[in-house]
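Visitor: coords below, sequence missing:
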């Protein structure tokens, strides 16, 4: 059977990883290629490169970094940030991305996901959604979690699947950065409505959070950034811990 | 030199990167003479079967690949490239394949328990059915990265390894000098690279 996946996310700004300050052997601002190499060696199942500033500053994508990473890292690479058109898909796929993650772009242009799924296949299209509770309801936020779109998150997930997204990244703004566990309540609500893989994001602070997530049966993969970058959790230790607790892992 | 067949279908960049990383000489080419002159051939592919076989036909590659296989030249089909090696596919209609390996391609849907997600996407374990030099650098139970919704059927005698996903999914197949891999060795970490290295050394 397929394993659950552990996915580090590299947030990139101006070609450097942010949040990577204490990274081993790399000072201050980290090189994405070096970090990708490190994560590959310690057992990451997949890497996500995200241009965190692209959607509001209209930054171009970081295709050189991607190309360099793709030359030496042979696990699946997902790229997101500022993906608004099929040309954006094309550009990153040619540089070694395997999947392309769409967030604000899918809100701005409802045809983007169906068009991309038709052209590149469902498996290539990832719908990334930033979700926050508003008056007891889950709502979709855009532009890095700054603007409430008013869209119902559950409906958005369902329509994303119907439109051809092959995977969902569900980022909980409420738990993001709190490091007190994934937003299992919200992930359960979403995962029971879709049949495509769900990647949980936001809230991981320790190994046990991943075990709780997978035991709750509401996600296929766990994504995190700072706890891996700051070495609060080592990916290989995490995977061994999960395997020892009967979660299948690629070790 | 390994020729990576360029017929407008598939992510050739990652594949060529992986061979370069291994120090294996390769060339992405759609030139029939170059392909014929290569020591080995890799047939990649992502997308829909009907599209891909049409593109192969439009590039006039079908007879070339058949005659090279008949000569005993090692050919490796990856993902959709593997599925193209079979006689037929029932992906959205019925389509003739290259017919280099006995068997056909059918949908996972309806053949695996409903609670399993489709596509079969992620890291799954290889179970060996037969010993083969292609496995010289890997072991049973090593994980490979799969992404597919259709799978090979009717090819038990040609299956070297399979993955368990509600059904025994042929993962590595072989007939004569022709190999197929349902997963992406170029995206399967060092174990995947080890398979590409073994192919290059055949």
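Guide: Noted; the coordinates are in hand. Because the structure is predicted, anything quoted here is derived from the model rather than measured.
Visitor: How many neighbouring residues does residue A:112 have?
Guide: 22 (other C-beta atoms under 10 Å in any protein chain shown). Placement of C-beta: from N, CA and C, glycine included.
Visitor: helix/strand/coil for the residue nearest to residue B:89 when sequence neighbours are not counted?
Guide: In space, residue B:89 comes closest to residue B:105 once its chain neighbours are excluded; the distance is 3.8 Å by C-beta to C-beta, 6 or more residues apart in numbering or on different chains. Here residue B:105 is recorded as strand under DSSP: H, G, I helix; E, B strand; the rest coil.
Visitor: residue contacts, residue B:105?
Guide: Going by C-beta atoms under 8 Å, 6 or more residues apart in numbering or on different chains, residue B:105 touches B:49, B:83, B:86, B:88, B:89, B:90, B:91, B:97, B:150, B:151, B:152, B:153.
Visitor: so what pLDDT did it get?
Guide: Among the per-residue scores, residue B:105 shows a pLDDT of 97.
Visitor: now the one 10 residues further on
Guide: We note a pLDDT of 88 for residue B:115 in this prediction.
Visitor: Would you list the phi and psi of it?
Guide: Torsion angles at residue B:115 (phi, psi; degrees, to the nearest 10) stand at phi -70, psi -10.
Visitor: Just want to check the distance between the most far-flung residue of chain B relative to its centre and residue B:5.
Guide: Computed with C-alpha atoms, centre = their mean, the residue of chain B farthest from its C-alpha average is residue B:115, at 26.7 Å. Distance of residue B:115 to residue B:5, given as C-beta to C-beta, to the nearest Å: 37 Å.
Visitor: now swap in residue A:103 and tell me
Guide: From residue A:103 across to residue B:5, the span is 35 Å (C-beta to C-beta).
Visitor: Pretty sure residue A:144 sits in a helix.
Guide: No - counting by three-state DSSP, residue A:144 is not found in a helix; it is coil.
Visitor: number of nearby residues for it?
Guide: Neighbours of residue A:144 (other C-beta under 10 Å): 16.
Visitor: Over to residue A:139?
Guide: Residues near residue A:139, counting by other C-beta under 10 Å: 18.
Visitor: For it, list each beta-bridge partner.
Guide: Assessed by DSSP bridges, residue A:139 has beta-bridge partners residue A:132, residue A:152.
Visitor: Now do the contacts for it.
Guide: Per C-beta under 8 Å, 6+ apart, neighbours of residue A:139: A:131, A:132, A:133, A:148, A:149, A:150, A:151, A:152, A:153.
Visitor: for residue A:227, same thing?
Guide: Residues near residue A:227 by C-beta under 8 Å, 6+ apart: A:179, A:204, A:205, A:206, A:233.
Visitor: Now these in TSV, please, with extra columns for neighbour count and distance to chain B.
Guide: Below are the contacts of residue A:227 laid out as TSV (neighbours: other C-beta atoms under 10 Å in any protein chain shown; distance: C-beta to the nearest C-beta, whole Å):
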residue	neighbour count	distance to chain B
A:179	16	26
A:204	29	19
A:205	18	25
A:206	15	23
A:233	20	20
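Visitor: Among those, which pair sits farthest apart?
Guide: A:179 and A:233 (10.3 Å; C-beta to C-beta).
Visitor: Could you tell me which residues touch both of these two?
Guide: Both residue A:179 and residue A:233 are contacted by A:204, A:206, A:227, under the criterion C-beta under 8 Å, 6+ apart.
Visitor: any chance you could map the strands in the chain?
Guide: Assuming you mean chain A. A:5-13, A:16-17, A:47-51, A:77-80, A:99-102, A:125-134, A:137-142, A:147-152, A:167-172, A:198-201, A:221-224 (DSSP state E).
Visitor: could you do chain B instead?
Guide: For chain B, the strands defined by DSSP E occupy B:2-5, B:26-29, B:40-43, B:75-78, B:86-89, B:95-96, B:101-107, B:120-125, B:127-128, B:143-148, B:150-153, B:159-164, B:168-175, B:178-181.
Visitor: and of the ones you listed, who's closest to residue A:163?
Guide: Nearest of the strands of chain B to residue A:163, taken as C-beta to C-beta: strand B:120-125 at 17.7 Å.
Visitor: Tell me if that closest one is near chain A.
Guide: Yes - with C-beta under 8 Å from any C-beta of the partner chain as the criterion, chain A is reached by strand B:120-125 at B:120, B:121, B:122, B:123, B:124.
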